[in-house]
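Visitor: Sequence first, then the predicted structure, then my questions.
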Amino acid sequence: MIIAIDGPAGVGKSTVAKLLAARLGYLYLDTGALYRAIAWKALQSRTRPTDHEQVTTLLPTTSIHMQFHHGAMQVLVDGIDVTGELRAPEVTAAASVVSAIPAVREWLLPIQRQIGRKGSVVAEGRDIGTKVFPEAPFKFFLEADADVRVARRHRELVVAGRGGTVETTFRDLSDRDQRDRTRSVAPLVPAGDARLIDTSALSPDQVVEQMMAVVSIES
């Protein structure tokens, strides 16, 4: 069983996916962490994320492994646990750039699908329902007003001790949306059979309840 959750930054995908996975006893798969892992490797090797050719040459010598302990996901790059470094602002910015590189997306695709074959999974990202698991029986696409998304993202950054200005957060999200929605491979769009949920005025628990209702009725 695979449940696909897609949507832009700030709509609550990660929080909702974790809650839903816990409720169902499924694995939680954050596919964005894989792109962050590539970005981390690029930064560590002093490779510019915008240099598609150089980033692509890193792939054959890169090992990415995801492991799960009591539902928590850990990401290892070349045997190093980098989980705690993947949310750093510089990694976030680089991940948005490298995720638009077709070779990176194709290289990560079998890794994501292999994790999906390990058991029942709640997977969240930006192309889960359209590219990674198009056969998933349950697909959700989360949306939210731009102001709400910016406020949520800025709050997350402040809590993590990485908060800048609201204006900077707005600009970063706008740039990321532009890259995600216009990239040539697997752009951010709802799957044709995805259920749209506007999370602007909903708590994470309320979103999960809507999802649970769908899963319970149709499974």
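Guide: Perfect, I can see it now. Numbering: from 1, shown residues only.

Visitor: where's the closest residue to residue 89 other than its chain neighbours, which helix or strand?
Guide: Nearest residue to residue 89, sequence neighbours excluded (Cβ to Cβ, 6 or more residues apart in numbering): residue 162, at 5.5 Å. Using the backbone N, CA and C atoms, a C-beta is placed for each residue, glycine as well. Using DSSP states H and E, residue 162 sits within no helix or strand.

Visitor: okay, now residue 162: neighbour count?
Guide: As a burial measure, residue 162 scores 13 neighbours (other Cβ atoms under 10 Å).

Visitor: pretty sure it contacts residue 90?
Guide: No: between residue 162 and residue 90 there is no contact under Cβ atoms under 8 Å: 10.0 Å.

Visitor: can you tell me how far the residue nearest to residue 89 sits from residue 9?
Guide: Look at residue 162 and residue 9: by Cβ to Cβ, to the nearest Å, they are 14 Å apart.

Visitor: And for residue 79?
Guide: With distances taken as Cβ to Cβ, residue 79 is found 29 Å from residue 9.

Visitor: Let's verify the nearest residue to residue 2 once chain neighbours are set aside: helix, strand, or coil?
Guide: Leaving out its chain neighbours, the residue that sits closest to residue 2 by Cβ to Cβ, 6+ apart is residue 136, at 4.2 Å. On the three-state scheme (DSSP: H, G, I helix; E, B strand; the rest coil), residue 136 is labelled coil.

Visitor: Which residue ranges of this structure form strands?
Guide: For the chain, the strands defined by DSSP state E occupy 2-6, 27-30, 64-69, 72-77, 80-81, 121-125, 138-143, 195-198.

Visitor: Could you pull up the mean pLDDT of the fourth one?
Guide: Read it as strand 72-77. What strand 72-77 shows for mean pLDDT is 88.

Visitor: what inclination does it have with respect to strand 64-69?
Guide: Strand 72-77 runs at 160 degrees relative to strand 64-69, counting by axes from the mean of the first three to the mean of the last three Cα atoms, to 10 degrees.

Visitor: where do the helices sit along the protein?
Guide: Ranges of helices in the chain, per DSSP state H, are 13-24, 32-44, 52-58, 89-98, 102-116, 146-159, 166-182, 204-218.

Visitor: ok and the first one relative to strand 2-6, angle-wise?
Guide: Translated: helix 13-24. Computed by the same axes, to 10 degrees, the angle separating helix 13-24 from strand 2-6 equals 160 degrees.

Visitor: so what secondary structure elements neighbour helix 13-24?
Guide: Judged by 3 or more Cβ pairs under 8 Å, 6 or more residues apart in numbering; DSSP states H and E, the packing partners of helix 13-24 are strand 2-6, strand 27-30, strand 121-125, helix 204-218.
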